[in-house]
Each structure stands twice: as C-alpha cells, then as structure tokens.
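Undergrad: got a predicted model here, sequence first, then my questions.
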Amino acid sequence: MTTKDTDFAIDGHGDISVGVHGAGASGDGSASATRITPGNALRPEDIALEISRGQVKPSEDVAEFALRIGDDGLILAQRLGHWISRAPELEEDIALGNIALDQLGHARSFLTYAGAAWGKSEDDLAYFRREHEFRSAHLFEQPNGDFAVTIARQFIVSFYQFELYTKLMESTDATLAAISAKAVKEVDYHRDHSAQWVLRLAGGTDESRDRIIQGFKLVWPYVDELFEDDELTTRLAEAGVTVQPSSLREEFDHLTGGIMAQAELDIPGVPQSLGGGRRGKHSEFLGYILAEMQVLAREHPGASW
Amino acid sequence: MASQNLQSVPAELSPEEQEREAAGQAYFDRIISEDSRIEPRDWMPAAYRKTLLRQISQHAHSEIIGMQPEANWITRAPSLKRKSILMAKVQDEAGHGLYLYSAAETLGQSRDQMMEDLIAGKARYSSIFNYPTISWADMGAIGWLVDGAAICNQVPLCRASYGPYGRAMVRICKEESFHQRQGFEILLELSNGTPAQKQMAQDAVNRWYAPSLMMFGPPDDDSPNSKQSMAWNIKRFSNDELRSRFVGMMVEQVRVLGLTLPDKDVRFNEETKKWEHGPLDWNEFKEVLAGRGPCNSQRVERRREAHENGAWVREAAVAYARKQAQKENAA
Amino acid sequence: MAPHGNPEAPGSAASEINREAPKVAATTEEHQESPWSLWEVFVRSSRGLSHVHAGSLHAPDAAMALRNARDLYTRRNEGVSIWVVPAEAISSSDPDSKGSFFESPQGKDYRHATYYTKSEGVKHL
C-alpha cells in the first residue's frame, strides 16, 4: 500500500476520522470493517427537545410510571458501572459496559419524559431526590456480589424488562412506546448474554455451579415485586398505557424456566420479599448507592456540567 | 518446538541457516526502506520483534491500567450524560487494550502471559496512570491533556512499519477522537461554571500538565532507543518533536478554555520554529516509573484482583465448552 | 504449533522466528488455567459487501466469541454480520515462498482489460 492513505496531519484529532478513513492495511476493504456511524435511534436528547417544544407532556400517572422504570434502569446502571475495569475477562468488561450503557440510556429517556410532568430534568430527578422518592424495585439495588450474583440479577431483570417493553411498544402513550421500541431490542441481547452465562456457570465447574445456585438464591426473593399490580398500574392498564405487571409473569416464568431447566437449576424455593420499592420503601442498599451517585452534584447545586 | 528454543541466542547456525538469516534480513531491509509493512509471519530481526513486543504490550497495559483512574468517577459523575460518556470512554479503553494485546500476540507472546507480567509488576505501563484522580475535573484534564498527548503519539503510529500495530492504531485513533473532545468539553463547562468549578478545572490542569508532557518520553538526548525505532519506522517523530507540537496545540486550546497552563516558560522559538516549555521534573518521572508514584501498587493490585477473582469464571466457561464439545462428539 | 494457534504467529516451519517466541510455551505449563482461545473476527459492514477481517479476541467457545465480537467490534455500528473463526483453523501461505508463490501472475498483463489498447474509443467495449 502507499503511505499517502495514512499520511494525515497530526495537528489535532479533527483530522483523524477523515484521515484514517480508508487507511486499512489492505486498502478500502479493511476500512469497511472500521467504518463508524452514530446510527439512528431515539435518544434522551430527542425527548428533551420534544418536551421543550411542548410536543409531549406525560400525565401525572404516566410520569409516575416512567419514574418507576427509569429508576430501575438508573440504579442497575449504577451497579453495573462498578464492574467496568473489574470484570472476569477484558471482553466481559466491554459486555457489561454495553449493558450498563443500554440501561442508563433507557433510564435517561424515561426520566427525561417523567420529569416533563413536573418541570424537572433527568438530572434533577437522578441527583436531587431522596431515597424515599425513588421508585425502583429492590432487585435493582441488590449488590453486585460475585459475577454469578450479577448474572443472576441480570437474568431476572432482562427477562422481566423484555416482557414489559414488548407490551409497552403497544402503549397508547406514544413516547413510552417509542422508548420501549428501542429498549426492547437492547434488552433482548441482555437476555441472551445472561442466559449464555447462566448456562456456562451452571454447567461449568463445581465451583461455578455452586456460585450460580447461591447467586440465584440471593436475588430470587425480589422477583415477585416486579410483577405486583397496584392502583397506578390498574389505572394505566385501563387506559392502555401499560399492562398489569402480573400479566407478564406467565411468559417470564415460561422463558426463564426453560433456561433454568436447560441449566439443570431449580427455581430457588426462597420466601419472597415484601418489596415496596414502588412506594419508596427501599432496602439499606439504596442509601449508599445514592450517596455515591449524588455526592458531587449536591456539592454544587445549580451547577451545570 | 519452542521448548528447544529456550536459549535466546542460537549457539551456532549452520551455513544453510546463515543463508536464510541473510536473505531474511535483506528482505526485511527492503520492506523498511520502501516504507512498506512487515507482517507477522515475515522474517524480522530479533531486536525488532523484541522492541515491538515491549512497546505494544506496554501500550496495551497502559490502556487497561488507564481504565482505573477514570472508572473511579463513573459512579459519581455529576450528570447522567457525563456518566454515559465516561462509561463509554472507559469501555473503549478496554477495547483498545484488546486490540493492542491482539497485535502483540501476533509476535508470539500470549495475552495471558502479558497479563501475568502486568500483575506480577514485571511489565511497564504509562506512568501517568499512577497519579490519582481526586476531582471530577480530572476527567476533563485526562481527556484533554493525557488523551491529547496520546493522540499526538498515536496518529503517527498508524503508519508504524509493523502491520498489526498500525492497524490497531488506526482503529484506536478513530475511536479516541471523541475522548479528547469530551475532556475539553468537561473543562470548558467547568471553566464557564461557578468559581468553585473553574477553580477545580484549573487545579486539574495544573496537576496533569507536566505529567502529560512527560508522556512523550525522555528528552531525545536521553532516549537511546529512539534512533533505532525511527530507523525501523516504528517511531516516526522524536519525543521532543512531538512534545513541542503538543505544547503548541495546548497553548492555543487553553485560551479557548479560559484557563492557563502552569508553565511560565512556554514560548515559540522563532529561530527553531518550535514551541518550548519549562523544565520538567524527570526525577519524579523516573521515581513514578520505578514504582514510587502515589497509585502504583493500588493500580496493579486492582488488576490482579480482577484477574484472580475472574479465574473461576474463565475456567467455568472453558469447562462448559469442553463438555459441550464432548456431547456433540458423542451425538 | 504456534501459541494458541495464532495463524499470524510463526508456524513450526519458521524456525528462525520461533526462536524469539519461546516464553509462551515455556510458561503455559505452569498455568492451572487454560486460557480462552484466540478467534479471528470478520465483519460485514453493510449488505452487499464481503466480510472483512476486523481483528481478534479471546473466547471460550464460538457462541461467546460471536457475542464478544459483537460487543468489541461493532460498538459503533461497524457491522451487520459477523463471522468468527478459531485462529488455529486458518491456514496461510508460507511467508518464505512469497516470491515464487505469487510470481506467476506478474507480467501476465493480457489478463487485464488495459492490455487491449486497439479497441480504445470503440463504444460499449
């Protein structure tokens, strides 16, 4: 190859994306494998823009619901973010990072939308609410534990979220439907990722099998809470905004049961926790999560970053 | 096989082998003089292989260790947008480490071995990552100064004579183009923010400026290997040359930021047409390199911990794959 | 064999190259753990184009290799399809014979349209 393909200036990064284009050692062919684009999907910024133009505004009920699922994603992303630079293998650092980024993306969209009901931004909601104002379910705040606990938690989360987002795509609320249409594809991959690991840990070594069994035992008490109906979901189900969480349970049980059976794992016979996250009653963990997440923002109220 | 070759220098070469060596050297020399690329299975001088292996693996280690100072702020990022950006950036660094380890592997060293060397404290990585990130503004300063310096270093490496290294660098440079910009934006936002935020930004620039200049390596007259690396087209510009260019860029950019560089001696030398900077504390550089930086042991320990805590997971996956293969064979 | 079957690492024929790569074989025996094997990744950037080598990665099996490749090599929409191939499954031409192996096509310019100059200017040819 000739050097001119790669002979770009070094005065600033602005030239790199142009200069490197077509710079693969085997000519244009290899460049095609490194061609990058931002893609085209609904982003939190797009929702914020629609809100600022007055094009969308959720009802109080819809906002309250968006807050729930937004908080789920936010708290989980906060947990998963801790794994980056600590994963069992570098490839897994990247995989967990992708899942965390997906969850954070969903959270930002849902929170941005929810905030529109109260004139608040995603950051107002994330950084300036107190524990009892968060609406995430207990499962999402469970500690990472070892890799098996993280995988067990992710397995439950992603099968639950897949069912929920699939149904939300049909929502009478166009914004919830649009966010879910993007999210469902990403969560589908999370299902696959966690299922692959459940199979490997369960069918790997004695140690890994013990650990995944223990992992499921630790997180399974928080399954029922995900599928609890309450007054809000009843009203929203009647309005066609969402479905009753309880209606998602059968498919969840069916699909997770299939993987668990394949992995020769029993559904843990552990008592179900009372939950209460949707009403702002949380475990001891959330306080610490928020303390860490909010510390800097609260040190500089009103600042922009 | 390899075990017979443990002695690094062949005791004696048969005439036939000597001839092959000479032919290999001649072919290698021609490729280099044509500014073409050496590929993994080509004959190459032992010293060339060794130099590359050292450089690429150090580069890979730097990416992996370099994840830590920034990962330190992921959970505390002050806005959700910044949290996403930082997460994506640290994740990219894992990716860059992987690209580079792959390139190094083509030289015959396994990634596993390189990782062992790193956690045993036997391998080097960029010593700048042994400084702590004590404020959010450090995320800005690392992006702007550290990644800025890295990009200056790396863009010419896209043309490194070793094919896999150059290809890895092409991919890395493309992905890094966002890293420096996001750092610049963090600082700009802080600089235009409250007095406390601006102070935070200036403090971070003050701390990261000199270490980022030292990332280009020792001064040319104290860099004995540079000449050979340049002759091999592994290195395209000298340390001082790149450092000077970098200073020039920073002088301009720092004005846009509304901040100052902690260096009263920065000036453009009209005679040499080069940017000059104040004296750097090379003694501190050597101290940190020798393991006496504020975070050396912490960084290596974290990597060791992650690697060792992950061992059972990696083993499980291998065991599962083996069992599945056996099942398929039996079927 | 080359360490981890890396197709780009020297094969046993290249004895002069192997001499520099002994550490791997010497130390892997000390490891309790068998590392994830090396895979080569090929990415199709869009429909209608062929898969192109993007790089390599480590994975315990093909299923995970595909997933790792997705996470590592298509984070920025680089592809619509991925192939992963165990590195050790790739055979490559002998670097020492590059002269003779690729000599034959040299000089056979009659295989190229540019060789035929008399038809220049004739339409649709």
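TA: Perfect, I can see it now. Numbering: from 1, shown residues only, chains lettered A, B, ... in the order given.
Undergrad: center of the chain - which residue?
TA: As the question left the chain open, I've gone with chain A. A:Gln103 (2.1 Å; Cα atoms, centre = their mean).
Undergrad: nope, chain B please
TA: B:His59 (3.4 Å).
Undergrad: using CSV, write out every CA atom in the host helix or strand of that one.
TA: Assigned by DSSP states H and E, B:His59 falls within helix B:46-65. Extracted in CSV, the C-alpha atoms of helix B:46-65 (Å, rounded to 0.1, in the frame of the first residue of the first chain):
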residue,chain,number,x,y,z
ALA,B,46,15.1,-10.4,16.9
ALA,B,47,15.6,-6.9,18.3
TYR,B,48,12.8,-5.6,16.1
ARG,B,49,10.5,-8.2,17.4
LYS,B,50,11.6,-7.5,21.0
THR,B,51,11.2,-3.8,20.7
LEU,B,52,7.8,-4.1,19.2
LEU,B,53,6.6,-6.6,21.7
ARG,B,54,7.8,-4.4,24.5
GLN,B,55,6.2,-1.3,23.0
ILE,B,56,2.9,-2.8,22.1
SER,B,57,2.4,-4.7,25.3
GLN,B,58,3.3,-1.6,27.3
HIS,B,59,0.8,0.3,25.3
ALA,B,60,-1.9,-2.3,25.9
HIS,B,61,-1.1,-2.4,29.6
SER,B,62,-1.4,1.4,29.7
GLU,B,63,-4.9,1.2,28.2
ILE,B,64,-6.0,-1.4,30.7
ILE,B,65,-4.5,0.3,33.8
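Undergrad: helices and strands around it, which ones?
TA: helix B:80-105, helix B:111-119, helix B:163-191, helix B:226-231, helix B:296-309 (3 or more Cβ pairs under 8 Å, 6 or more residues apart in numbering or on different chains; DSSP states H and E). From N, CA and C alone the C-beta is placed, and that goes for glycine too.
Undergrad: picking that back up, quick one, what contacts the spatially closest residue to the residue nearest to the centre of chain B that is not a sequence neighbour?
TA: The shortest distance from B:His59 to any non-neighbouring residue, by Cβ to Cβ, 6 or more residues apart in numbering or on different chains, is to B:Leu100 (5.2 Å). B:Leu100 makes contact with B:56-57, B:59-60, B:63, B:165, B:168, B:172, according to Cβ atoms under 8 Å, 6 or more residues apart in numbering or on different chains.
Undergrad: give me that answer again for 7 Å
TA: B:56, B:59-60, B:63, B:168 (Cβ atoms under 7 Å, 6 or more residues apart in numbering or on different chains).
Undergrad: for C:Val84, same thing?
TA: Applying Cβ under 7 Å, 6+ apart, the residues near C:Val84 are C:39, C:41, C:62, C:65-66, C:69.
Undergrad: any low-confidence regions in the stretch 201-331 of chain B?
TA: Within the stretch 201-331 of chain B, no stretch falls below the threshold (pLDDT under 70).
Undergrad: can you show me the helices along it?
TA: For the stretch 201-331 of chain B, applying DSSP state H, counting those that start in this stretch gives helices covering B:226-231, B:239-257, B:282-287, B:296-309, B:311-330.
Undergrad: tell me the pLDDT of the residue nearest to B:His59.
TA: Note for B:Leu100: predicted pLDDT of 97.
Undergrad: B:Asn153 now?
TA: 91.
Undergrad: quick revisit: what about the residue nearest to the centre of chain B, distance to chain C?
TA: 15 Å (Cβ to the nearest Cβ, to the nearest Å).
Undergrad: rewinding a little: wait, does the next helix-or-strand element following the helix holding B:His59 make contact with chain C?
TA: Later in the chain than helix B:46-65, the nearest helix or strand by DSSP H and E is helix B:67-71. No. Shown here: helix B:67-71 not in contact with chain C (Cβ under 7 Å from any Cβ of the partner chain), separated by at least 14.7 Å.
Undergrad: run the chain-centre distance for helix B:67-71.
TA: Centroid separation between helix B:67-71 and its chain, computed with Cα atoms, centre = their mean, to the nearest Å, is 14 Å.
Undergrad: show me what that helix is packed against.
TA: When contacts are defined as 3 or more Cβ pairs under 7 Å, 6 or more residues apart in numbering or on different chains; DSSP states H and E, helix B:67-71 packs onto helix B:80-105.
Undergrad: apply 10 Å and report the result again.
TA: Helix B:67-71 is packed against helix A:90-115, helix B:80-105, helix B:137-141, helix B:296-309, with contacts defined by 3 or more Cβ pairs under 10 Å, 6 or more residues apart in numbering or on different chains; DSSP states H and E.
Undergrad: single out the most deeply packed of those.
TA: Greatest average neighbour count among these goes to helix B:137-141 (a mean of 28), per mean count of other Cβ atoms under 10 Å in any protein chain shown.
Undergrad: give me the pLDDT for the closest residue to B:Asn225 other than its chain neighbours.
TA: The shortest distance from B:Asn225 to any non-neighbouring residue, by Cβ to Cβ, 6+ apart, is to B:Thr51 (7.0 Å). pLDDT, the model's per-residue confidence, is 95 for B:Thr51.
Undergrad: isn't B:Thr51 right next to B:Met230, touching?
TA: No. Counting by Cβ atoms under 10 Å, B:Thr51 stays clear of B:Met230, with 11.4 Å between them.
Undergrad: so the two - more neighbours on which side?
TA: The residue with more neighbours, out of B:Thr51 and B:Met230, is B:Thr51; 18 against 13, by other Cβ atoms under 10 Å in any protein chain shown.
Undergrad: could I get the contacting residues of that one?
TA: B:45, B:162, B:225, B:228-229, B:232, B:234-235 (Cβ atoms under 10 Å, 6 or more residues apart in numbering or on different chains).
Undergrad: with B:Gly310 instead?
TA: By Cβ under 10 Å, 6+ apart, the contact list for B:Gly310 reads A:86-90, A:92-93, A:146-147.
Undergrad: can you pick out the most distant pair from the residues you listed?
TA: The two members of the contacts of B:Gly310 with the most space between them (Cβ to Cβ) are A:Leu90 and A:Asp146, at 17.9 Å.
Undergrad: low pLDDT regions in the stretch 1-150 of chain B?
TA: The stretch 1-150 of chain B contains residues with pLDDT under 70 at B:1-11.
Undergrad: where does it get nearest to chain A, residue-wise?
TA: Proximity of the stretch 1-150 of chain B to chain A (Cβ to the nearest Cβ) peaks at B:Gln91, 3.6 Å away.
Undergrad: so the residue positioned nearest the centre of chain C versus A:Ile94, what's the distance?
TA: In chain C, the C-alpha nearest the mean C-alpha coordinate belongs to C:His53, at 6.2 Å (Cα atoms, centre = their mean). To A:Ile94, C:His53 is 19 Å away according to Cβ to Cβ, to the nearest Å.
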